[in-house]
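1. I'll drop the sequence and a predicted model, then ask my questions.
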Amino acid sequence: MFSFFVSFLACALLTLLVIKSTRKNGFALDGDFAGVQKVHTHAVARIGGIPIFLAVIVASGISVLRQPAIAPWLMTLIGCGAIALAGGIVEDYTGKVSPGRRLLLTLIAAGFGYWLLDARVMRIDLPWGVLALQAGWLVLPLTLLAVAGIANAVNIIDGFNGLASVVCIFMLLSLAYVALQVGDMFVLVAALIVAGATAGFLIWNYPVGLIFLGDGGAYFLGFLLGELALLLVMRNPGVSTWYAALLLIYPAFETVFSAYRRMFVRGKSPAMPDGIHLHSLIFRRIVQWTVGPREARALMKRNARTSPYLWLFSLTAVIPATVFWKNTGVLIFFCLLFIISYLWLYGRIVRFKSPRWLFLNRKD
């Protein structure tokens, strides 16, 4: 836990400095309140990826003094992550980097991970055996799609204060736990470092939203999640590949379902933003009922009260993944159960027939 606390303290201090600096100089502020996915009422710094990245570097530098053997792995992972971070940070500052270019940079980062870290999808576990993947023409694109897809998925769920951050912390702590069980020191330390940095950022992001992850932070965290999950599974045959699938299923399925909904239901580009993600529907149809209309104070309350619903929902995947990390059949069952639950819940909320347990007491 030493790595976690060092990273936490470093990021908490660095994030505070970034908040003060952006307010003083007036740069990298998100002042667009009319966008379809905007739920804040004051200009907020959207470069949370910078303090997280710097804290990861600081904590990694200190950690390798205690574990020198993991130094090459950590430095390479951070270097690859910096490529994914770069496109998002430029977008956060300028607002002029298209989703396609950000995705391309993330694919390039995953490509470097493929060659330098040997982070490759080499097998798929099945209840009756193992399906080995050896052909490069299949392994390379599958790997790039998986890692870049998770990076983009974290960016998609980053819609409310604390939502993506806490979900990522849950997943990273799960990775650390399983890495401890199989003795993978690199994944253990890396996961704790990133989780600590994310927690340090979180204290300024939730509940009032003094700073946002931004595209840079979301892509960076998503990339590291994808790489660490892939490395843990492929380096340790005792960990089922379906552990990674179930662990990451909430942001991953949100992305797949959103693309399907935009393309085949609404007839639009899958890259076109909209306001009907699961978290957006909970914000508009459930939390609004408990808090009130779109007034500044009420809007802030609704923003803060939306994320806990999704934190709990994500745990329905993270907890069984962590408990049954080596049981392929059980993991597949929980993957199917999560998908069914997601579609049922989404359908109920769309028709505004939400289960009663979703509603909070109207009293403050």
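-> Great, that's in hand.
2. who's in contact with the residue nearest the centre of the chain?
-> Nearest to the geometric centre of the chain sits residue 154, at 3.4 Å (C-alpha atoms, centre = their mean). Residue 154 sits next to 164, 167-168, 218-219, 221-222, 225, 251 when contact means C-beta atoms under 8 Å, 6 or more residues apart in numbering. (Glycine included, C-beta is placed from N, CA and C.)
3. distance of the residue nearest to it when sequence neighbours are not counted relative to residue 164?
-> Distance criterion C-beta to C-beta, 6 or more residues apart in numbering; nearest residue to residue 154, sequence neighbours excluded, is residue 222 at 3.2 Å. As judged by C-beta to C-beta, to the nearest Å, residue 222 and residue 164 stand 8 Å apart.
4. where do the contact lists of those two overlap?
-> Jointly contacting residue 222 and residue 164 under the rule C-beta under 8 Å, 6+ apart are 154-155, 251.
5. any idea which of the residues you listed is closest to residue 345?
-> Nearest to residue 345 out of those is residue 251 (C-beta to C-beta; 15.7 Å).
6. test my guess that the closest one contacts residue 158.
-> No: using C-beta atoms under 8 Å as the test, residue 251 is too far from residue 158 to be in contact (9.3 Å).
7. so what's the backbone phi/psi at residue 126?
-> As for residue 126, its main-chain torsions (degrees, to the nearest 10) stand at phi -130, psi 160.
8. burial check on residue 101, number of neighbours?
-> Around residue 101 there are 13 other residues, counting by other C-beta atoms under 10 Å.
9. distance of it relative to residue 89?
-> Between residue 101 and residue 89 the computed distance is 13 Å (C-beta to C-beta).
10. tell me where this protein has helices.
-> All helices of the chain, identified by DSSP state H, fall at 2-25, 49-66, 71-94, 99-116, 136-157, 163-182, 185-205, 214-235, 241-247, 249-260, 278-281, 288-291, 296-323, 328-350.
11. mind listing what's buried in the first one?
-> Buried residues in helix 2-25, counting neighbours by 16 or more other C-beta atoms under 10 Å, are found at 3-4, 6-12, 14-16, 18-19, 22.
12. check the fourth one too.
-> Residues of helix 99-116 classed as buried: 99, 102-103, 105-114 (neighbour count, 16+ other C-beta under 10 Å).
13. which one of those sits closest to residue 191?
-> Nearest to residue 191, judged by C-beta to C-beta, of those is residue 113 at 15.4 Å.
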